[in-house]
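> got a structure for you, letters missing:
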Ligand SMILES: Nc1ncnc2c1ncn2[C@@H]1O[C@H](COP(=O)(O)OP(=O)(O)OP(=O)(O)O)[C@@H](O)[C@H]1O
Ligand SMILES: [Mg+2]
């Protein structure tokens, strides 16, 4: 479980998050939803200690992120930020291989190589493995980043808008793979903009707006017409499809 | 297993051996140039004396080359781009300012009278502390955008140089001459007295950089991925900056500030190697720098008989390369 207690955050003098307390349940796929600027990325970055925690307490699977050594945390959670620009010039296989670094610290063994090959295979990247990152499409690069996080092989995966740039088939493939990992006992927290992916695949939903959590709970309890219309300040119709909520917002 | 998997397993191997081959060829070229430097035109008399002179200078050139090449690659890794070098950011101007400050405080007699090793080591320590403070804050604050970094570097460089210049102006002519001699690069006038110290410090820095090299590969990914992979980002950045400061102190103490040489060398290392692994990039940068310096100095000193100076040519070529990088927008 990820436990967030009384977390507030400021950038300069601007308050970004206001006294957030919430939980991401263990062994579940949790979707963070909310309008642009709600503070979803900020919260995810705080959990992933990409941003220093200013106030409050966060524990990931029992590890207090403020006191646990960062290399230990890297074997417990993998986080993929919203901005994924990589400074060095790498081939896709090399990028994905970095996912194993927390485990081998520079001396990869056969098990590490096997995990990397698996991750490449899982995201249909094997044919592109030797291309440079700046020589593949945006979606292919995004898949490589996700594959790197998967290769890290951690109990928790935190992904900020991983569906960015992915076509319909790959988006669905990713959700199915995440679902599979969750069913095998891992836990995922992800920021999702396309609300129907949350509706179709998430167990738990946390809705944020204006730096506060406005609703949380099982997906079909949170994804209701009144709540979503309020959340996004726009009229939204929610239907049903195969027993899951289906959000209609195109008309 | 299908071909994709097999490919993923074998290709890096072949690339590694190609990189190893290039590195080996470079090492051989350097060995050949060094032999040429030592033994070409060696007369019958006074062999020991001449060999001693030449050997000292060769060692100094190689130490400078390694220091410049490695400090540039290291700095480009923390700064996350391929355009900046320690000297563009004002590192060596800071070292010259330190030396000028010493002349002002001690007077030229005091300055030249100081034991060279003690002077060098204490200047290096101050330099490391200042560079960590200054560039550490700059880089850790996340001043990542290139125009701002270049501007900051230019401003710092100009600031350090003009303070040095101002101090020079209030000195008497004798003291000013001492300052002048430390503020311009010259590969002809190498300060060999410092060589044992500079050499030892360089060797130590090389060993440390080698140990750090897997962590440098992670650092080069950028801050977020590095933190996510569990790298102690802040500590690593500061360690790398300390190494850069030490290496710049070595090269500046031995031959004076060289502005654009590092840029050429780092560009060569990245261009020749086509890998982002520091275990390969760092030796490549050191070796190509040594080949250029030893070969160039041999050419200019022995063949052209000092008709031109190597430092001028190197800086000119480096300046052109800098413009080329900027104009092509190739900044990563
Ligand atoms: N560097 C910054 N300086 C000032 N304000 C910032 C900065 N970064 C983010 N913010 C503000 O913090 C708030 C939360 O941003 P955050 O990136 O967490 O939103 P988000 O919910 O992820 O939005 P999106 O859906 O657009 O990704 C926004 O109002 C944003 O304007
Ligand atoms: Mg966001």
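Thanks, I have it. Since this is a predicted model, take the numbers as computed values, not measurements. Ligands and ions are numbered 1, 2, ... in the order given.

> hey, let's count contacts and neighbours off CA atoms from now on
Fine.

> quick one: residues contacting the residue most central in space within chain B.
Nearest to the geometric centre of chain B sits residue B:68, at 1.4 Å (C-alpha atoms, centre = their mean). By C-alpha atoms under 8 Å, 6 or more residues apart in numbering or on different chains, the residues touching residue B:68 are B:247-248, B:251, B:261-262, B:286, B:289.

> chain A next: which of the residues you listed are close?
Filtering these for proximity to chain A by C-alpha under 8 Å from any C-alpha of the partner chain leaves nothing.

> how many neighbours does residue B:94 have?
Residue B:94: 26 surrounding residues under other C-alpha atoms under 10 Å in any protein chain shown.

> thinking again about what came up before, quick one: the contacts of residue B:68 as TSV, columns for neighbour count and secondary structure too.
As requested, these are exported to TSV (neighbours: other C-alpha atoms under 10 Å in any protein chain shown; DSSP: H, G, I helix; E, B strand; the rest coil):
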residue	neighbour count	secondary structure
B:247	29	helix
B:248	31	helix
B:251	25	helix
B:261	27	helix
B:262	30	helix
B:286	27	helix
B:289	30	helix
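
> can you list these in CSV and add pLDDT?
Formatted as CSV, these follow (pLDDT from 0 to 100):
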residue, pLDDT
B:247, 93
B:248, 90
B:251, 89
B:261, 88
B:262, 90
B:286, 95
B:289, 93
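
> for residue B:25, see how far away the residue nearest to the centre of chain B is.
Counting by C-alpha to C-alpha, to the nearest Å, the gap from residue B:68 to residue B:25 is 21 Å.

> quick one: the strands in chain A?
All strands of chain A, identified by DSSP state E, fall at A:2-11, A:14-24, A:29-33, A:55-60, A:63-64, A:77-80, A:156-160, A:187-191, A:204-209, A:212-218, A:237-241, A:244-248.

> of the ones you listed, which approaches chain B most closely?
Chain B lies closest to strand A:77-80 among the strands of chain A, at 5.9 Å (C-alpha to the nearest C-alpha).

> is ligand 1 contacted by that closest one?
No - for strand A:77-80, no contact with ligand 1 is found by C-alpha under 6 Å from any ligand atom; the gap never falls below 12.8 Å.

> from the contact counts, what lies against that strand?
helix A:138-151, strand A:156-160, helix B:223-228 (3 or more C-alpha pairs under 8 Å, 6 or more residues apart in numbering or on different chains; DSSP states H and E).

> if we go to 6 Å?
strand A:156-160 (3 or more C-alpha pairs under 6 Å, 6 or more residues apart in numbering or on different chains; DSSP states H and E).

> is ligand 1 contacted by the strand it packs on?
No - Strand A:156-160 lies apart from ligand 1 when judged by C-alpha under 6 Å from any ligand atom; the minimum separation is 7.9 Å.

> quick one on the thing from earlier: can you put the contacts of residue B:68 in JSON lines and add distance to ligand 1?
Formatted as JSON lines, these follow (distance: C-alpha to the nearest ligand atom, whole Å):
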{"residue": "B:247", "distance to ligand 1": "35"}
{"residue": "B:248", "distance to ligand 1": "34"}
{"residue": "B:251", "distance to ligand 1": "39"}
{"residue": "B:261", "distance to ligand 1": "36"}
{"residue": "B:262", "distance to ligand 1": "34"}
{"residue": "B:286", "distance to ligand 1": "39"}
{"residue": "B:289", "distance to ligand 1": "40"}
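
> with distance to residue B:202 added, can I get those in a markdown table?
Output for the contacts of residue B:68, formatted as a markdown table (distance: C-alpha to C-alpha, whole Å):
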| residue | distance to residue B:202 |
| --- | --- |
| B:247 | 7 |
| B:248 | 10 |
| B:251 | 9 |
| B:261 | 18 |
| B:262 | 16 |
| B:286 | 11 |
| B:289 | 14 |
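
> and those residues, which is closest to chain A?
So of the contacts of residue B:68, ranked by how close each gets to chain A (C-alpha to the nearest C-alpha), first place is residue B:262, at 18.5 Å.

> identify the residues contacting that closest one.
B:68-69, B:72 (C-alpha atoms under 6 Å, 6 or more residues apart in numbering or on different chains).

> of these, just say which sits nearest to ligand 1.
residue B:72 (29.7 Å; C-alpha to the nearest ligand atom).
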